[in-house]
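**Student:** just coords:
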């Protein structure tokens, strides 16, 4: 998975929803530091973490996966 593209998708969606990283952290239960790292394209988030972020961001796993190339 291209983590930079994935991070960009998350950051753009969060911005569209006008959510701060802190608010996304509260809604998803994912640490702010982890969210920040993912948005920068760093780290290697688990599927569990990814799915926890998708709920508050109203993202669909299949749609996002189709935008990311290996």
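**Tutor:** Here it is on my side, so go on. Because the structure is a prediction, the values reported are computed rather than measured.
**Student:** In which helix or strand does the residue minimising distance to the centre of the chain reside?
**Tutor:** Closest residue to the average C-alpha location of the chain: residue 10 at 3.9 Å, with C-alpha atoms, centre = their mean. Using DSSP states H and E, the element containing residue 10 is helix 3-16.
**Student:** what's the spacing between that helix and its chain's center?
**Tutor:** Here helix 3-16 is found 6 Å from its chain centre; the criterion is C-alpha atoms, centre = their mean, to the nearest Å.
**Student:** Tell me where this protein has helices.
**Tutor:** Secondary structure of the chain (DSSP state H): helices located at 3-16, 21-28, 32-39, 47-57, 61-67.
**Student:** Now do the third one and helix 3-16, the angle between them.
**Tutor:** Taking axes from the mean of the first three to the mean of the last three C-alpha atoms, to 10 degrees, one finds helix 32-39 and helix 3-16 inclined to each other by 120 degrees.
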